[in-house]
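**Student:** Okay, here's the prediction I keep looking at, along with the sequence it came from:
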Amino acid sequence: MPTVAMLGLSAIAAAGGVDQGGWVLPVGFAGAAIGMVGAARSLMLRIEVSPDGLVLVNWFRTVHLPWAQITRCGCDSDGLWVQLIDGGLVVSSPFQHGSQALGFARRPAETAAARLEKIRRKRRRHR
């Protein structure tokens, strides 16, 4: 959904710049470029599960978490999170939904958190 919104805003910004001309033209195209970069980045958001741990590709950084550092995976009103052995919490951008989200918008995050927690527990038993 963020990808579609960013692409739409990019098109509006570019069209507004072309329509108005003058100083609005470069501002419109700059806004369109920023929107396109945001849309491209939103397509890269993901969580990767490997035998070594988790990789969370968020908006501005990628976090590599070995299984030994992970104590719990869960989901709350803000989305999916991973709790670390040192007490830290890493939030996953691909599954953020906000506290006012409807049930159907929360389900993917809840399902992903349950799957990650199941994988974590299984790995802990087989150590």
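**Tutor:** All right, it came through fine.
**Student:** what about the protein, any weak spots by pLDDT?
**Tutor:** For the chain, applying pLDDT under 70 flags the ranges 1-7, 9-10, 13-14, 16-22, 24, 97-101, 126-127.
**Student:** ok, which stretches of it are strands?
**Tutor:** Applying DSSP state E to the chain gives strands spanning 46-50, 53-57, 62-66, 70-76, 79-84, 89-96.
**Student:** got a list of contacts for the first one?
**Tutor:** Residues outside strand 46-50 that contact it (CB atoms under 8 Å, 6 or more residues apart in numbering): Leu54, Val55, Leu56, Val57, Leu80, Ser92, Pro94, Phe95, Ala112, Leu116, Ile119. From N, CA and C alone the C-beta is placed, and that goes for glycine too.
**Student:** care to break this structure down by domain?
**Tutor:** Using automatic domain parsing, the domain parsing of the chain gives 2-42, 46-125.
**Student:** Could you dump those domains into CSV with mean neighbour count added?
**Tutor:** Listed next are those as CSV, based on neighbours: other CB atoms under 10 Å:
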stretch, mean neighbour count
domain 2-42, 15
domain 46-125, 15
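**Student:** Dump the contacts of strand 46-50 into JSON lines; add distance to Ile70 as well.
**Tutor:** JSON lines is the format used below for these (distance: CB to CB, whole Å):
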{"residue": "Leu54", "distance to Ile70": "7"}
{"residue": "Val55", "distance to Ile70": "12"}
{"residue": "Leu56", "distance to Ile70": "11"}
{"residue": "Val57", "distance to Ile70": "16"}
{"residue": "Leu80", "distance to Ile70": "13"}
{"residue": "Ser92", "distance to Ile70": "12"}
{"residue": "Pro94", "distance to Ile70": "17"}
{"residue": "Phe95", "distance to Ile70": "16"}
{"residue": "Ala112", "distance to Ile70": "14"}
{"residue": "Leu116", "distance to Ile70": "9"}
{"residue": "Ile119", "distance to Ile70": "10"}
